[in-house]
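Asker: sharing a model prediction with you, sequence too.
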Amino acid sequence: MKKLALLWKLVRNDLRVLSAALQHPDRPGWLIPAVALVGLYAIDPFNFAVPFVGVVDDGVLVPMALHLMVRCLPTELRRQRGR
């Protein structure tokens, strides 16, 4: 349970940073399409694998993709926090 709380805290922080970066005028050009693709992947209604595996897959890959996007942002955008 403690690891889930830690993962949620990391995801919440990454979402705040990405939200602030999306509103920044100097955001990289790849950011909007990348966030859109991860969002579509997360809400994808079709699961080609076993449904349980799909849920676990979304619970692991989506946070990893969000964290990777935050790590690829320029330093000045990473330091900003959501309002």
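Answerer: Great, that's in hand.

Asker: for the residue most central in space within the chain, what are its contacts?
Answerer: Of all residues in the chain, the one closest to the mean position by Cα atoms, centre = their mean is residue 66, 2.4 Å from it. Taking Cβ atoms under 8 Å, 6 or more residues apart in numbering as the contact definition, residue 66 lies against 11, 14, 15, 18, 38. Every C-beta, even on glycine, is put in place using the N, C-alpha and C of the backbone.

Asker: which one (most neighbours) among those?
Answerer: Neighbour tally across the contacts of residue 66 (other Cβ atoms under 10 Å): the maximum, 23 neighbours, falls on residue 18.

Asker: so residue 70 sits against residue 18, correct?
Answerer: Yes. The pair residue 70 / residue 18 is scored as a contact, 6.3 Å apart, by Cβ atoms under 8 Å.

Asker: residues in contact with residue 58?
Answerer: Taking Cβ under 8 Å, 6+ apart as the test, what residue 58 contacts is 41, 42.

Asker: repeat that for 6 Å
Answerer: If a contact means Cβ atoms under 6 Å, 6 or more residues apart in numbering, then residue 58 has residue 42 as its contacts.
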